[in-house]
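> Got a sequence here, can you build the structure:
(chains A and B)
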There are 2 protein chains.
Amino acid sequence: MTMALIVHKYGGTSMGSTERIRNVAKRVAKWARAGHQMVVVPSAMSGETNRLLGLAKDLAPATQTPASLRELDAIACTGEQVSVGLLALALQSEGMEAVSYSGWQVPVKTNSAYTKARIESIDDARVRADLAAGKVVVITGFQGVDGDNNITTLGRGGSDTSAVAVAAAMKAAECLIYTDVDGVYTTDPRIVPEAKRLSTISFEEMLEMASLGSKVLQIRSVEFAGKYRVPLRVLSSFTNWDIPIEDEAKSGTLITFEEDEKMERALVSGIAFNRDEAKITVVGVPDKPGIAYQILGPVADANIDVDVILQNVSHAGRTDFSFTVNRNDYTRTVELLKTKVVPALGAADVVGDTRICKVSIVGIGMRSHVGVASKMFRCLSEEGINIQMITTSEIKTSVVIDEKYMELAVRALHRAFELDQPAQV
Amino acid sequence: MTMALIVHKYGGTSMGSTERIRNVAKRVAKWARAGHQMVVVPSAMSGETNRLLGLAKDLAPATQTPASLRELDAIACTGEQVSVGLLALALQSEGMEAVSYSGWQVPVKTNSAYTKARIESIDDARVRADLAAGKVVVITGFQGVDGDNNITTLGRGGSDTSAVAVAAAMKAAECLIYTDVDGVYTTDPRIVPEAKRLSTISFEEMLEMASLGSKVLQIRSVEFAGKYRVPLRVLSSFTNWDIPIEDEAKSGTLITFEEDEKMERALVSGIAFNRDEAKITVVGVPDKPGIAYQILGPVADANIDVDVILQNVSHAGRTDFSFTVNRNDYTRTVELLKTKVVPALGAADVVGDTRICKVSIVGIGMRSHVGVASKMFRCLSEEGINIQMITTSEIKTSVVIDEKYMELAVRALHRAFELDQPAQV
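So this is what the prediction gives:
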């Protein structure tokens, strides 16, 4: 790697103590001394965001309002503000010139959707001036500022998105995401000990893996990386800080954008899963044009993200409309549907289930191979697992099943698709 | 009290837990429901600023620089940012509309003297609009923002100053400083159990009491209050939140500006003390015009506050020049003097002592009565306490003594001036 502008992102565990922050500083200093212009985006110290939100929850009104969400963001953002200051000090102790900025100081401009804001623009003038002056710049992850100078946060894991957005805005040569795992695996090694690390993964696969719950990277960070073609590498912050920079630059998993690399890839790269969702079905909906919009429009207006959406063929002019939302949004969504949507639509009822999980097989090779989905269904059937919902895309097939079967399903699929074999790239 | 704009300030102990924050919210809501427009300035939760500075100290470079002080401020300011968000949530839970602002959002503009910045201006437009809309506004104490959008802090206890500055900018009817003591005492009751609460104290006396170490209020807050004639009341936050508002509005100690109220006041209102200082003497200074400036100019340039300054008559064309600084600045000051000032001046040496304390008698009645100072000196002499330095003003006399005699001196003076007698107003 020649001298370049590099973005490092460090997760909460890597920032978990002053000792660990010192190690982060040594690692960043090593890169800076090698001649790179360094921008660092650290998360809050591990446990800190939860501590802050715990205090807030203790005092917050029972019903969330934009006003109360605004305060949650004002409280939660401080975890990263402490981190950047501490890391800047540690870098100064390493003899580097370093300066920290909160999102509002850069500024990282977002919309006003408190607790799940979206980045709209990043003004890099101040950061560029600092880099040109030889400083390491440390920027808060997770947060920005809206048009009225209110602090916003990007949602849990938002620091990944911040790092990639900064890398995109500054046209960084690479964005390195340091975390407590050493790359992207075929599935979660805590569930399948035989899971293997992938040295590369395509952007599309990573997108599916992230969105489906492989918690290595926040999905929006992968979207950003794809949109702006930011080369992204996931690697461990628990290697010794002083390993040779050429070795470090090749470790972990690189998320690639080039199609041709994948010719020899397996049909299925990984098994993703997610138990953060809940299933909701609007029953007996009159089958008329526009029902999807009439049901999901109010949901979107309430800033609730929807994942799987299913509408089946109708019987006697009525159909069922199902979708999944984050479990935290379940009660709010059901209430919204019952009070506003069901009466307006003349639907029969709303039913739901929070005890579900989603398991997916992901692989760019699936595009050109039939039979991958049916192999998945046969495998689950052999384990006696009932499938509640199915949804497919070009490079993944997902099923919603009872959450108690999740580990069983993941292990069986990992074995069925031979992901535990050494042949994996 | 008719309906008015009122500023409440709550100290770290009052904000020390979510339970206590809930009590603060109930108290503020009571005032708001009585029809007052309420602005609240809370400190960080007790222990939080120390925790943050402890982390910072662990990582900071050995030598402080403007760059490292900037990061200290960026870290320390977050304690209050959490407090304002939590208090706004607690107020919302009480059914009030409430909004929090960090100093930079108001904005509270300061100069760039990190860790001891001075407020230059407060733009109250946003706050006024919120008050007009019926909201309680919660503003961070202790901090502001400089002209380049860098966060600054005002130094320990700076939240008092923030509250008074906000009250001054908004022409508040009164600024109530809620703290863990129920007013201003003739001296610290922890040292003299017979100390009495003063129901009123003049602004000038309060200024001396604050500057001399009665840690009820930060000195700059009193200066601000005097300059802008902000009626200031110190009172306890540990009374029940639901005591009648008329009783609460009369409790504590009111700091007054009217001269005539003091006709009947005792000669001495209180005994102040301070063991945060260190004494420095530049020995053998050639007695020429401009030496005070040549010695203290570089000290001021290094942003070191000087308190007592003494220059004695000269002998054989040489004199000694003594002053006191905060103990934290002692080493830095001595080094500065030795490297820059002594060679330039042709002085003999710099000597100093950190084991000193300053004890003062304060009273507006001293203006028109002789003999008060000599009574003080006699009292100390009778206790066998050697006086190292003496300095006087119209309403106070201070002595610097060995710190081991501090409690003894305070108790003896409190008794000598009969401050433990019930006759005190």
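
> What separation is there between residue A:67 and residue B:136?
According to CB to CB, to the nearest Å, residue A:67 stands 11 Å off from residue B:136. Bear in mind the C-beta positions are built from the backbone N, C-alpha and C, glycine included.

> So if I had to pick from those two, which one is more boxed in?
Neighbour totals were compared for residue A:67 and residue B:136, and residue B:136 leads with 27 against 18 (other CB atoms under 10 Å in any protein chain shown).

> Would you confirm that the more buried one contacts residue B:36?
No: if you go by CB atoms under 8 Å, residue B:136 and residue B:36 don't touch, sitting 9.7 Å apart.

> now for the lowest-mean-pLDDT helix or strand in chain A, which elements pack on it?
Sorted by mean pLDDT, DSSP states H and E, the helices and strands of chain A end with helix A:203-211, the least confident at a mean of 79. Applying 3 or more CB pairs under 8 Å, 6 or more residues apart in numbering or on different chains; DSSP states H and E, one finds that helix A:203-211 contacts helix A:219-228, strand A:253-256, strand A:270-274, strand A:356-362.

> quick revisit: now do the shared contacts for residue A:67 and residue B:136.
With contacts defined as CB atoms under 8 Å, 6 or more residues apart in numbering or on different chains, the residues adjacent to both residue A:67 and residue B:136 are B:88, B:97-99.

> Save these as TSV, and put in pLDDT too.
Below are the shared contacts of residue A:67 and residue B:136 laid out as TSV (pLDDT from 0 to 100):
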residue	pLDDT
B:88	98
B:97	98
B:98	98
B:99	98
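
> ok, which of the residues you listed also contact chain A?
Counting by CB under 8 Å from any CB of the partner chain, the subset of the shared contacts of residue A:67 and residue B:136 that neighbours chain A consists of B:88, B:97-99.

> and the two most separated of those?
For these, the farthest-apart pair by CB to CB is B:88 and B:97; their separation is 9.6 Å.

> From residue B:312, how far out is the closest residue to residue A:180 other than its chain neighbours?
In this structure, residue A:180 finds its nearest non-sequential neighbour in residue A:13, 4.3 Å apart by CB to CB, 6 or more residues apart in numbering or on different chains. The gap separating residue A:13 from residue B:312 is 61 Å, by CB to CB.

> Which of these two has more residues huddled nearby?
Residue environment comparison for residue A:13 versus residue B:312 gives the larger neighbour count to residue A:13, 18 against 11, counting by other CB under 10 Å.

> Contacts only, for that one.
Contacts of residue A:13 (CB under 8 Å, 6+ apart): A:20, A:46, A:179-180, A:237.

> mind listing the strands for the stretch 1-150 of chain A?
Applying DSSP state E, counting those that start in this stretch to the stretch 1-150 of chain A gives strands spanning A:5-10, A:37-42, A:98-101, A:108-110, A:119-122, A:136-139, A:143-145.

> Can you say which of those is nearest to chain B?
Nearest to chain B among the strands of the stretch 1-150 of chain A is strand A:98-101; the distance by CB to the nearest CB comes to 5.6 Å.

> Make a markdown table out of the ones next to chain A among the shared contacts of residue A:67 and residue B:136 and add neighbour count.
Formatted as a markdown table, the entries for those read as follows, by neighbours: other CB atoms under 10 Å in any protein chain shown:
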| residue | neighbour count |
| --- | --- |
| B:88 | 31 |
| B:97 | 16 |
| B:98 | 28 |
| B:99 | 23 |
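
> any chance of the residues you listed in a markdown table, with distance to residue B:228 too?
A markdown table is the format used below for these (distance: CB to CB, whole Å):
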| residue | distance to residue B:228 |
| --- | --- |
| B:88 | 26 |
| B:97 | 28 |
| B:98 | 26 |
| B:99 | 25 |
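
> wait, which of these is closest to chain A?
Here the nearest of these to chain A, counting by CB to the nearest CB, is residue B:88; it sits at 4.7 Å.

> what sits against that closest one?
Residues counted as contacts of residue B:88 (CB under 8 Å, 6+ apart) are A:67, A:71, A:74, B:98-100, B:136, B:138.

> same question, residue A:21
Taking CB under 8 Å, 6+ apart, we find residue A:21 in contact with A:15, A:83, A:86-87, A:90, B:59.

> ditto for residue A:146
A:109-112, A:117, A:152.

> Who's the closest spatial neighbour of residue A:105, skipping the chain neighbours?
Take residue A:105 and drop its neighbours on the chain: the residue closest to it by CB to CB, 6+ apart is residue B:149, 5.4 Å away.

> That neighbour contacts residue A:102, doesn't it?
No: proximity of residue B:149 to residue A:102 does not meet the contact threshold set by CB under 8 Å, at 9.5 Å.

> neighbour-wise, which of those two wins?
residue A:102 (27 against 15).

> if I look at that one, how far off is residue A:371?
Taking CB to CB as the measure, residue A:102 and residue A:371 are separated by 52 Å.

> Next, the contact list for residue A:183, please.
Neighbour list for residue A:183: A:197-199, A:216, A:234-236, A:251-253 [criterion: CB under 8 Å, 6+ apart].

> so how far is residue B:129 from it?
Spatial separation of residue A:183 from residue B:129 under the definition CB to CB is 51 Å.

> what does the stretch 151-300 of chain A put close to chain B?
That would be residue A:151, which are the residues of the stretch 151-300 of chain A within reach of chain B (CB under 8 Å from any CB).

> ok, what's across the strand from the closest residue to chain B within the stretch 151-300 of chain A?
Nearest residue of the stretch 151-300 of chain A to chain B, counting by CB to the nearest CB: residue A:151, 7.8 Å away. In this structure, residue A:151 bridges to residue A:145 when assessed by DSSP bridges.

> give me every residue that touches it.
Under the criterion of CB under 8 Å, 6+ apart, the contact list for residue A:151 reads A:70, A:73-74, A:77, A:103-104, A:143-145, B:102.

> Try it again at 6 Å.
Counting by CB atoms under 6 Å, 6 or more residues apart in numbering or on different chains, residue A:151 touches A:73-74, A:77, A:145.

> Just give me the closest of these to chain B.
residue A:74 (4.2 Å).

> any idea what sits nearest that closest one, other than its immediate chain neighbours?
Residue A:74's closest residue in space is residue B:85 (CB to CB, 6+ apart), at 4.2 Å.

> likewise residue A:303?
residue A:113 (5.7 Å).

> I'd like to know how far that neighbour sits from residue B:253.
In this structure, residue A:113 lies at 47 Å from residue B:253, with CB to CB as the measure.

> Please say which of these two ends up with more neighbours.
Under the criterion of other CB under 10 Å, the comparison of residue A:113 against residue B:253 puts residue B:253 first, with 23 against 17.

> and the closest residue to that one other than its chain neighbours, what pLDDT?
Closest residue in space to residue B:253, ignoring its immediate chain neighbours: residue B:183 at 3.6 Å, by CB to CB, 6+ apart. According to the model's per-residue confidence, residue B:183 sits at a pLDDT of 87.

> Could I get the phi/psi values of residue A:315?
The main-chain torsion angles of residue A:315 are listed as degrees, to the nearest 10 and equal phi -130, psi 130.

> gap between it and chain B?
Taking CB to the nearest CB, to the nearest Å as the measure, residue A:315 and chain B are separated by 47 Å.
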